[in-house]
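# I would like to see how this sequence folds:
(chains A and B)
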Amino acid sequence: MKTGRFVGAALVLCAAVLPVHASPMATAAPTPATASSPATASNPSAADALYDQADRMFAAGQMDQAVALYHKALDADPAHWKSLCRLGQIQAAARSYPEAEQSLKAAVAINPDNGVCQSRLAQVLLIGNKLSEAEAALEKAAQLMPGDEGVLFNLARLYENTDRPGPAADTYSRFLETAPASERATATRLKVARLYSEILQPARAVEPYRRFLEAQPGQLSVRAELATALMGASRYAEALEEYDKVISAGSADATTLSNAGAICMLLQNTPRAIELLGKAVAADPKPVPPRLSLAMVLSQSGQDARAVELLRGVTADDPENNRAWFLMGQSLMKLGRVDEARSAFERHRSIHDRIMKERVSGRTEGHP
Amino acid sequence: MSPVSGWLLTATLAAAAGGAPLFNEVTRPAGLGGVMLVTGSSSKDYIVETIGTGAAAFDFDLDGWQDIYLPNGSRLEGFPKGQEPRPHLFRNKGDGTFEDVTARSGLGEPFWGSGVAVGDYDNDGWPDLYATAYGGNRLFHNRGDGTFEEVAHQAGVDDPRWGASSTFADFDGDGRLDLYVATYVAFDTATVPRRGDLEHPCYYRGALVMCGPTGLKADPDILYHNNGDGTFTDATIASGIRTDLLMFGLGVVAFDYDEDGHIDIYVANDATPNQLYHNRGDGTFDEVAAVSGVAYGVDGAEEGSMGTSAGDFDGDGHLDLLVTNFSHQFYQLLRYAGGGYFEDVTFATGLAEKTYLTLGWATDFFDYDNDGWLDIFFSNGHVYPSVDDFQIGTKYLQPCQLFRNVTAGSGGGRVFQDVSGNAGPGLTTPRAHRAGGVFDFDRDGRLDLLLTVMDGAPLLLHNESPSSGHWVELRLAGKASNRSAIGARISLKAGGRSLIRYAAGGGSFLWSSDTKLHAGLGAAKTIDGLQVLWPSGARQEFRNLAVDREYQLVEGEPIQPAGKP
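As a prediction, the model looks like this:
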């Protein structure tokens, strides 16, 4: 898990946050009501009345009086969780985080099913970098208040910052369902798309990419990301359409050209594949994959001499590239240069056998 | 110049002469509907639960009608005594239906079966069965009275390793069938992690899946030499089968690719390079796949190969190869170009894009419309049930595919047209298809299909193609050659064309059939010439044969009509 602190400013506060006119002030943390507390005569109805009175003061910004009344309510009923929760809120606003944590923990210990208190506790815990406890509180809050956008956003962010991109993407998605028009929505859609791409679920990245691009259609690098996600989801024709938009805007880098060329090869549009892969190699002559793809389509179109020339360059740069030797062998064979072809095939096999030996004795995996 | 060169997208497909194909599923009316093939858990937590079970079509009682044998699987936790899934032997009654004769055949003992090889290993005239298995392979000797005796131990072929496809063929030319067994994975639940084991997680595209084959131990394939006294000797090392670099063997086909008179072996391996064993002529081999262009995929990388078959798709007189592969890999059509080299024509023949997202198993060349050109079927289905959650363009349940061999443009080259849309729901309903092959169960001259479905009933698909093409079917029996005539090569001249049909050993995936060769003849009303090259090297020629019928061809004897009784 990452150990980076949560920055308070990055948090989205819940709906029941401290009113803007409330003056932060330090208050003493009340003693939590526990089973071992000294027995006092509990008067819940009196405590409720005091709490209501305190909340009116709170709403009016008369914080000192409110705090005093919350304490009185707790005197009347030490298990009055609403007062504890409000006190925790006020203490947090006054940056008295240890006291706030104590009050809020006491509140949720008495009543764990109040989402607002859980959420407030989570915020205080996040500020204290107590991430595991914060996560538990946020998950409980999200369960109790499934439509609370602040809780969902904070929980998603917690997952994201603790290297759990899958839950982060899912929770950000829930945030977007809850608050589709939020000012954070567009940026969050891009975040969701990238998180799904990161966890190799490209199909789930497509819709958030598309929604992002509806809002910001000029972001060509993001359009290229969308195309890559579509490619990963095996939606090749759609991917090519998006790559074409990037290419026609004059913003295609070598990777975009290479990917678009590879799709054309798959879709058996060989002339276009040769054109795009040729441009990719011209834009950046070093990477091997576009050179191999270009050699393949050149061979498929009968241009084996050009393919061999290209592959000689690859093997000069990377003598252990077994695929290059294989493709070279195929082209040489088609050119009738049988001895050279067999030599290339033998070279390919010797390298490949080594790779295979490593692979079959390596760690267990799913299918390559 | 390759006859299939030229560009698919610009090619004008001269299709349609044979009309719309239709395969009608007749599993239930034919009497096979009560079979449930079992392969482990539905969640497929281990690789042993994913490859399914095989099938064979062979005339065990020599009544002229091809019968059906279906091994069955099991599950790792086993079944209560008496409730185990059992293999089935169905006798073809000759009226389009089958009778379950398992109980009286001696084939009913349960075991976790994989593939099947059919061959008369003792040359007594009765076809025998070799069944590969997880838990020990079996050899069932056909007693000739409708019963079989399990003799694997006595015969020395009761290997405990997990066998997949296997085939009989006479590799050393002594007139007796030897046996090649492709082994898959050295599987043991004690050492292979279960799917979802977070201590040893296995991933496919980011999702937890069952482990393997990558990283698991492979076992060497096995070549058994037939001693001629009912026993076999393990000749794997002596014959040159590779044991230094082990592959995950699944599919095997034995055929003489370089036409030197000696039968060779091609092995389709999962996640490792495929192998081509060239027969030196004495039953020993050189592994030449890499230099022959058939070891790797189109880009030089190893593929997850499953099934394979041999046939002359372009009518040039040479046998070509088909290979089915994992999803997001192209299946391969490898055209024999001469000189020991195969050219990958998957793209040029239009099969690349159509097979990229499917995961293929069984396949064969077969002329379903009797137009004289070999068409192709593929049985498909993924190994990961959870692949549906990934949304990567492939599904767990997949339709089979049917491709028609048609002329490309004016150059006369051949391309494959996807006619799956006309094939009928029996073929195209998505399922976890696995093994299967072609045979003409009702002897109407049109090739039918038998497919297995993992965790389901098998599929019997009757060919109801409206094609009016003529045909011939040839039942072969060797005398100096092995009795099953595996390795026999037929050359036909009819309607101005020459056709090659070959009695390959094995082929497809976990499938076998006895040697009955079929050729569609199109409009030809007479077979002008028929030449047989027997595995012994003997040749026979016949002229002016009538079409639309079966013939019995016994080595050294006159050809005999062998129509329906």
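# look up which residues are beta-bridged to the spatially closest residue to residue B:386 that is not a sequence neighbour.
Closest residue to residue B:386 apart from its sequence neighbours, by CB to CB, 6 or more residues apart in numbering or on different chains: residue B:207 at 5.8 Å. For glycine as for every other residue, the C-beta is placed from the backbone atoms N, C-alpha and C. Judged by DSSP bridges, the bridge partners of residue B:207 are residue B:204.
# before we move on, what about residue B:462?
Listed by DSSP bridges, the beta-bridge partners for residue B:462 are residue B:24.
# wait, doesn't it sit right on residue B:23?
Yes - counting by CB atoms under 8 Å, residue B:23 is a contact partner of residue B:462 at 6.6 Å.
# who has more neighbours out of those two?
A count of neighbours by other CB atoms under 10 Å in any protein chain shown puts residue B:23 above the other of residue B:462 and residue B:23, at 27 against 23.
# who's in contact with the more buried one?
By CB atoms under 8 Å, 6 or more residues apart in numbering or on different chains, the contact list for residue B:23 reads B:402, B:423, B:424, B:426, B:427, B:448, B:449, B:461, B:462, B:463, B:464, B:465.
# quick check: whatever residue of the stretch 251-368 of chain A ends up closest to chain B vs residue B:70, distance?
Residue of the stretch 251-368 of chain A nearest chain B, by CB to the nearest CB: residue A:326 (2.9 Å). According to CB to CB, to the nearest Å, residue A:326 and residue B:70 sit 40 Å apart.
# tell me which element the spatially most central residue of chain A is part of?
Among the residues of chain A, the one closest to the centroid is residue A:195, at 3.5 Å (CA atoms, centre = their mean). Assigned by DSSP states H and E, residue A:195 belongs to helix A:185-198.
# do the same with residue B:552
Assigned by DSSP H and E, residue B:552 falls in strand B:549-554.
# and stretch A:124-133, end to end?
10 Å (CA to CA, to the nearest Å).
# then stretch B:232-252?
One end of stretch B:232-252 to the other measures 19 Å (CA to CA).
# how near is the closest residue to chain A within chain B to residue B:52?
The minimum distance from chain B to chain A, using CB to the nearest CB, falls at residue B:393 (2.4 Å). With distances taken as CB to CB, residue B:393 is found 23 Å from residue B:52.
# same question for residue B:372.
Per CB to CB, residue B:372 is found 33 Å from residue B:52.
# quick one, which of these two is more surrounded?
More crowded of residue B:372 and residue B:52, by other CB under 10 Å: residue B:52, with 30 against 23.
# for burial, what's the neighbour tally of the residue of chain B closest to chain A?
As a measure of burial, residue B:393 has 19 neighbours, counting by other CB under 10 Å.
# three-state assignment of it?
Using DSSP: H, G, I helix; E, B strand; the rest coil, the structure places residue B:393 in coil.
# grab the nearest non-local neighbour of the residue of the stretch 151-300 of chain A found nearest chain B.
Chain B sits closest to residue A:234 of the stretch 151-300 of chain A, with a gap of 2.4 Å, by CB to the nearest CB. Excluding its sequence neighbours, the residue lying closest to residue A:234 (CB to CB, 6+ apart) is residue B:393, at 2.4 Å.
# what is the mean pLDDT for the helix holding residue A:195?
Helix A:185-198 shows a mean pLDDT of 97.
# which strands or helices does the next helix or strand after it pack on?
Helices and strands here follow DSSP H and E; after helix A:185-198, the next one along the chain is helix A:202-215. Counting contacts by 3 or more CB pairs under 8 Å, 6 or more residues apart in numbering or on different chains; DSSP states H and E, helix A:202-215 packs against helix A:165-178, helix A:185-198, helix A:220-232.
# give me the contacts around helix A:202-215.
Against helix A:202-215 from outside (CB under 8 Å, 6+ apart): A:169, A:173, A:176, A:186, A:189-190, A:192-197, A:219, A:222-223, A:225-226, A:228-233, A:235, B:390-392.
# and the residues you listed, which are buried?
With neighbours counted by 16 or more other CB atoms under 10 Å in any protein chain shown, those contain buried members at A:169, A:173, A:176, A:186, A:189-190, A:192-197, A:222-223, A:225-226, A:228-233, A:235, B:390-392.
# next one: phi and psi at residue B:194?
phi -80, psi 150 (degrees, to the nearest 10).
# so who does it touch?
Applying CB under 8 Å, 6+ apart, we find residue B:194 in contact with B:45, B:46, B:210, B:211.
# over to residue A:107?
Residue A:107 neighbours (CB under 8 Å, 6+ apart): A:81, A:82, A:84, A:85, A:88, A:114, A:117, A:121.
# what's the closest non-adjacent residue to the third one?
Translated: residue A:84. residue A:107 (3.8 Å).
# immediately after the strand or helix carrying that neighbour, which helix or strand?
Per DSSP H and E: residue A:107 is located in helix A:97-110. Once helix A:97-110 ends, the next helix or strand along the chain (criterion: DSSP H and E) is helix A:115-127.
# any low-confidence regions in chain B?
Along chain B, segments meeting pLDDT under 70 span B:1-21, B:564-565.
# what do you get if the cut-off is 80, keeping everything else the same?
Along chain B, segments meeting pLDDT under 80 span B:1-21, B:206, B:409-412, B:467-468, B:563-565.
# contact residues of the stretch 101-250 of chain A facing chain B?
A:199, A:200, A:201, A:202, A:203, A:204, A:232, A:233, A:234, A:235 (CB under 8 Å from any CB of the partner chain).
# switch to 10 Å and redo it
When proximity is defined as CB under 10 Å from any CB of the partner chain, the stretch 101-250 of chain A approaches chain B at A:166, A:198-204, A:206, A:231-236.
# may I see the PyMOL selection of the buried members of those?
Provided next is the PyMOL selection string for whichever of these are buried by 16+ other CB under 10 Å:
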select buried, chain A and resi 166+199+200+201+202+203+204+206+231+232+233+234+235+236
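# assumed residue B:139 was part of a strand.
Yes - according to three-state DSSP, the state of residue B:139 is that of a strand.
# any idea how far residue A:103 is from the closest residue to it other than its chain neighbours?
Excluding the flanking residues, the one nearest residue B:139 by CB to CB, 6+ apart is residue B:152, at 4.1 Å. As defined by CB to CB, residue B:152 lies at a distance of 77 Å from residue A:103.
# so for the two, which sits in the more crowded spot?
Neighbour count, other CB under 10 Å: between residue B:152 and residue A:103, residue A:103 has more, with 32 against 19.
# if you skip the residues just before and after it, what's nearest to that one?
Closest residue to residue A:103 apart from its sequence neighbours, by CB to CB, 6+ apart: residue A:88 at 3.6 Å.
# thought the one you found was touching residue A:118?
No - with contacts counted by CB atoms under 10 Å, residue A:88 stays clear of residue A:118, the gap being 11.1 Å.
# where do the contact lists of those two overlap?
A:104, A:107, A:108 (CB atoms under 10 Å, 6 or more residues apart in numbering or on different chains).
# closest to residue A:157 among those?
Taking CB to CB as the measure, residue A:157 sits nearest to residue A:104 out of these, at 19.7 Å.
# one step back: wait, which of the shared contacts of residue A:88 and residue A:118 is closest to chain B?
For the shared contacts of residue A:88 and residue A:118, the nearest to chain B is residue A:108 (30.8 Å; CB to the nearest CB).
# around the closest one, count how many other residues there are.
By other CB under 10 Å, the residues close to residue A:108 number 22.
# quick one on the thing from earlier: output the shared contacts of residue A:88 and residue A:118 as JSON lines; include the columns distance to residue A:258 and pLDDT.
Shown next, in JSON lines, are those (distance: CB to CB, whole Å; pLDDT from 0 to 100):
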{"residue": "A:104", "distance to residue A:258": "54", "pLDDT": "98"}
{"residue": "A:107", "distance to residue A:258": "58", "pLDDT": "97"}
{"residue": "A:108", "distance to residue A:258": "54", "pLDDT": "97"}
